[in-house]
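Asker: this is a predicted model, with the sequence first.
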Amino acid sequence: MSTPTALLFRAQEKRRSTRTRSLKAWYRNPSLVAGLIVVGALVLVAVLAPVIAPFDPVKQDLQNSLLAPGGAHVLGTDKYGRDVLSRLIWGAQVDLRIGFMAVLIPFVFGSVVGALAGYFGGWFDSIVMQIVDIFFAFPFYVMVIVLVFVLGAGEVSIYLAISAISWVAYAKIVRGEVLVAKKQDYIVAARLGGMSHGRVIVRHIGPNVMSQAIIYAMSDIVLDIMAIVTLGYLGLGVAPPTAEWGSMILDGQEFITTQWQQATIPGLVIVVTSLGLSWIGDGLSDLLSPERRK
Amino acid sequence: MTTSAVLRVSNISKSYHVPSPILSKLQPGARQRGSLTALDGIDLELRAGEILALVGESGSGKSTLAKILVGSVEASAGKLDYRGRPVPAKRSRDATRRIQMVFQDPYSSLNPRITVGAILGELLRLHKIVPRNQVRAESIRLLNLVGMEEDALDAYPSQFSGGQRQRIAIARAIAVRPDVLIADEPVSALDVSVQATILELFTTLRADLGLSILFVAHNLAVVQHLSQRVAVMYLGRIVEVAETAELFANPRHPYTRALIDSIPRMSESSVNLELVLEGEPPSPYDIPGGCRFHPRCPVAVSACREIDPALTAIAGDHQSACLLANELPPFYSATTS
């Protein structure tokens, strides 16, 4: 080929764009920002609970039970005379902690199992996928309730029960993504570069397959908080008198005709929490989804 | 055969077993799919410091051969020698390092989540090519070698065009100081305007680094001014090997003649119109008996239906797998005249 032609065409090989990576523009994503503000505020409230809660959340004051909102007790008191606002604030600590923790274990475990199954395939993959399919055949709540019932009510039981069941979702998501990613030429190239399977999985496949699992984790936190609330409502949750949103709804529903706010306000807080987490999930899926990054 | 072969492929075959659907097993007499023969007894050598072009239609098995050479696919049979020593099925890190690959699609071959600097740096550190404190300098040197600037180091692959991505992929391949580069259609996914610059880069790399390059292409035009020798593949076999000038001037296989004639050109008339190929290559599930090219061959005689010709030397370095290799009329083509 003639060199002048080559030189002429080299000018056309300009860099396609100089835009910064989309990750750097996270603050321009409205739903992510809104979600972070909501969830951030809730986390702040949970952390600062000892400082900002006006009353002891478990201290009973039977003389002042079922006070209407207003006065010293901004949101009134429950049937044992406990301050509803303080219980809401302390409840954030319990519910958010369990929500995040109950996602962390299955997220890590499920992702690792799914990545190994997808990458190596073979008999390990077959066994994992059979187990996953069996778990998917049962309704989530039925299994959680049965497990918590067997293990006994309490925070640790909730972690164990949710972890034992919800890892299968992460395994399934990550396995599917790994199956696609491992066929890419850059994985062949990494192997030709002499890299071990472990290094290829962690460094070259991992970052390309985790976005779906992270996005799912956001909605999973919502699901888990709902599960905790449901368990609390069924009396299988965190032991009383610890403040927790689900048990507050359970306590408040007796008085729904006279003191509607007792059950409704914790319910609204749960809705707001879920909304915030969903917004974060939406925002992350916009930022992390590969079709936007090409 | 000369002794300067860097890579020697001896009688390598690759077939894929295709399981037949369960239903057809239940039906007695139903046609079984059997196995797909991608490569059928390939003999080829890559000589030190040469660019050898491997040309063939889609499905001829050239990419399969490329993958066997780098070790990402295992051959069903045959032997692969590197500098006179057999390459084991499970290669050591250093054996893998010596034979590197440039892929067809520069979009799928670069990890979108890793910066160019990290892609190169990881390899340089892993193979201890340079001391740790010189990794950055070496990365810049590699980028300059492939015609790119230092500022590419901190950028992600998505920030580059196809041609630049291919340059980065080439930099990655040569980062580990290989002897042999297997380039699997490295320009066919690129704009025509960019192809020339990448081809030029391969020429430069051969000259400057002494690399031996196997350049896979589906089109003879691309390799005419690039390679020293050309091997033509058809349906899992090599049908002709010759030095590039010899092959274009004096092709001794009707398939090669058809490939040369299919090169688009500016002139109006084509002399060998009767050699224009008709139809599709036969299915690799069902390779025709006799010479595998006979159903499409314009000069086939009855013997071609019976005899499966082997690749044999005609003159010096020129090999052809055609029964009529020495009886073909002189070749005139607008491309070579």
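Answerer: Noted; the coordinates are in hand.
Asker: show me the shaky parts of the chain.
Answerer: Unless you meant another one, I'm taking chain A. Residues of chain A that meet the criterion pLDDT under 70 lie in A:1-24, A:289-294.
Asker: my question was about chain B, not that one.
Answerer: Counting by pLDDT under 70, chain B contains low-confidence ranges at B:1-3, B:19-33, B:265-276, B:333-337.
Asker: and the longest helix for it?
Answerer: Using DSSP state H, we find that the single longest helix of chain B is helix B:192-209.
Asker: partner strands of the next helix or strand after that one, parallel or antiparallel?
Answerer: Using DSSP states H and E, the helix or strand that follows helix B:192-209 in sequence is strand B:212-217. Strand B:212-217 has the following strand partners under DSSP bridges: strand B:51-56 (parallel), strand B:180-184 (parallel).
Asker: alpha carbons of strand B:212-217, as CSV, please.
Answerer: The C-alpha trace of strand B:212-217 is given here as CSV (Å, rounded to 0.1, in the frame of the first residue of the first chain):
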residue,chain,number,x,y,z
SER,B,212,6.6,-14.2,12.3
ILE,B,213,3.0,-13.4,11.5
LEU,B,214,0.2,-15.7,10.3
PHE,B,215,-2.3,-13.4,8.8
VAL,B,216,-5.7,-14.8,8.3
ALA,B,217,-7.9,-13.2,5.7
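Asker: ok, residues contacting it?
Answerer: Identification of contacts with strand B:212-217 by C-beta atoms under 8 Å, 6 or more residues apart in numbering or on different chains yields B:6-7, B:46-55, B:62-63, B:65-66, B:69, B:179-188, B:202, B:205-206, B:223, B:226-227. Any C-beta I mention is one placed from the backbone N, CA and C, and that applies to glycine too.
Asker: reformat the strands paired with strand B:212-217 as CSV; add mean neighbour count and distance to residue B:315.
Answerer: Listed next are the strands paired with strand B:212-217 as CSV, based on neighbours: other C-beta atoms under 10 Å in any protein chain shown; distance: least, C-beta to C-beta, whole Å:
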stretch, mean neighbour count, distance to residue B:315
strand B:51-56, 26, 19
strand B:180-184, 25, 28
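Asker: so which of those gets nearest residue A:190?
Answerer: For residue A:190, the closest of the strands paired with strand B:212-217 is strand B:180-184, at 16.1 Å, according to C-beta to C-beta.
Asker: run through who's touching that closest one.
Answerer: Identification of contacts with strand B:180-184 by C-beta under 8 Å, 6+ apart yields B:6-7, B:46, B:62-63, B:66-67, B:69-70, B:82, B:98-104, B:173-174, B:202, B:205, B:211-216.
Asker: now it, how far from the centre of its chain.
Answerer: Counting by C-alpha atoms, centre = their mean, to the nearest Å, strand B:180-184 is centred 8 Å from the centre of its parent chain.
Asker: what parts of the stretch 1-150 of chain B come near chain A?
Answerer: Contact residues (C-beta under 8 Å from any C-beta of the partner chain) of the stretch 1-150 of chain B with chain A: B:70-72, B:93-94, B:96-97, B:100-101, B:103-105, B:107-114, B:122-123, B:126-127, B:147.
Asker: list only buried entries from those residues.
Answerer: Neighbour counting with 16 or more other C-beta atoms under 10 Å in any protein chain shown marks B:70-72, B:96-97, B:100-101, B:103-105, B:107-114, B:122-123, B:126-127, B:147 as buried within those.
Asker: that older thread, out of the residues of the stretch 1-150 of chain B next to chain A, which sit inside strands?
Answerer: B:100, B:101 (DSSP state E).
Asker: so of the residues of the stretch 1-150 of chain B next to chain A, which ones are in helices?
Answerer: Per DSSP H, the subset of those in helices is B:70, B:93, B:94, B:96, B:97, B:122, B:123, B:126.
Asker: how about those in CSV, adding distance to residue A:43?
Answerer: Listed next are those as CSV, based on distance: C-beta to C-beta, whole Å:
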residue, distance to residue A:43
B:70, 50
B:93, 46
B:94, 51
B:96, 48
B:97, 49
B:122, 36
B:123, 41
B:126, 40
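Asker: now, the most widely separated pair of the residues you listed?
Answerer: Across these (C-beta to C-beta), the longest gap, 18.5 Å, separates B:70 and B:122.
Asker: residues in contact with stretch A:240-252?
Answerer: A:57-58, A:60, A:78-80, A:82, A:84, A:86-88, A:90-92, A:94-95, A:228-233, A:235, A:237-238, A:259, A:261-264, A:266-267, A:269-270.
Asker: then that stretch to PDB, C-alphas only?
Answerer: Output of stretch A:240-252 as PDB, limited to C-alpha atoms (Å, rounded to 0.1, in the frame of the first residue of the first chain):
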ATOM      1  CA  PRO A 240     -40.300  -7.100  71.300                       C
ATOM      2  CA  PRO A 241     -40.000  -4.500  72.800                       C
ATOM      3  CA  THR A 242     -37.300  -3.600  70.200                       C
ATOM      4  CA  ALA A 243     -38.600  -0.900  67.900                       C
ATOM      5  CA  GLU A 244     -39.100  -2.200  64.400                       C
ATOM      6  CA  TRP A 245     -41.400  -0.900  61.700                       C
ATOM      7  CA  GLY A 246     -43.300  -4.200  61.100                       C
ATOM      8  CA  SER A 247     -44.100  -4.700  64.700                       C
ATOM      9  CA  MET A 248     -45.200  -1.100  64.900                       C
ATOM     10  CA  ILE A 249     -47.800  -1.700  62.200                       C
ATOM     11  CA  LEU A 250     -48.900  -4.900  64.000                       C
ATOM     12  CA  ASP A 251     -49.300  -3.000  67.300                       C
ATOM     13  CA  GLY A 252     -51.000   0.000  65.600                       C
END
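Asker: buried residues in it, which are they?
Answerer: In stretch A:240-252, counting by 16+ other C-beta under 10 Å, buried: A:242, A:243, A:244, A:245, A:246, A:247, A:248, A:249, A:250, A:251, A:252.
Asker: can you tell me the centre-most residue of the chain?
Answerer: The chain I'm using is chain A. With distances taken as C-alpha atoms, centre = their mean, the residue of chain A nearest its centroid is residue A:221 (2.8 Å).
Asker: to clarify, I was referring to chain B.
Answerer: Nearest residue to the geometric centre of chain B (C-alpha atoms, centre = their mean): residue B:216, 2.4 Å.
Asker: ok, that residue to residue A:240 distance?
Answerer: 72 Å (C-beta to C-beta, to the nearest Å).
Asker: which strands or helices does the lengthiest helix in chain A pack on?
Answerer: Identified as the longest helix of chain A according to DSSP H is helix A:84-120. Where contact means 3 or more C-beta pairs under 8 Å, 6 or more residues apart in numbering or on different chains; DSSP states H and E, helix A:84-120 is packed against helix A:30-47, helix A:49-52, helix A:122-137, helix A:155-181, helix A:206-233, helix A:245-252, helix A:261-288.
Asker: who's in contact with the first one?
Answerer: If you take C-beta under 8 Å, 6+ apart as the criterion, helix A:30-47 is touched by A:26-27, A:52, A:89, A:92-93, A:96-97, A:272-273, A:275-284, A:286-287.
Asker: go again with 6 Å.
Answerer: With C-beta atoms under 6 Å, 6 or more residues apart in numbering or on different chains as the test, helix A:30-47 has contacts from A:26, A:89, A:92, A:93, A:96, A:273, A:276, A:279, A:280, A:282, A:283.
Asker: please check the residues you listed and keep the buried ones.
Answerer: Burial by neighbour count, 16+ other C-beta under 10 Å: within those this picks out A:89, A:92, A:93, A:96, A:273, A:276, A:279, A:280, A:282, A:283.
Asker: against residue A:245, how distant is the closest residue to the fourth one other than its chain neighbours?
Answerer: Of all residues beyond its chain neighbours, the one nearest residue A:96 is residue A:46 (5.1 Å), with distances taken as C-beta to C-beta, 6 or more residues apart in numbering or on different chains. Between residue A:46 and residue A:245 the computed distance is 12 Å (C-beta to C-beta).
Asker: that's all I had, so thanks and see you.
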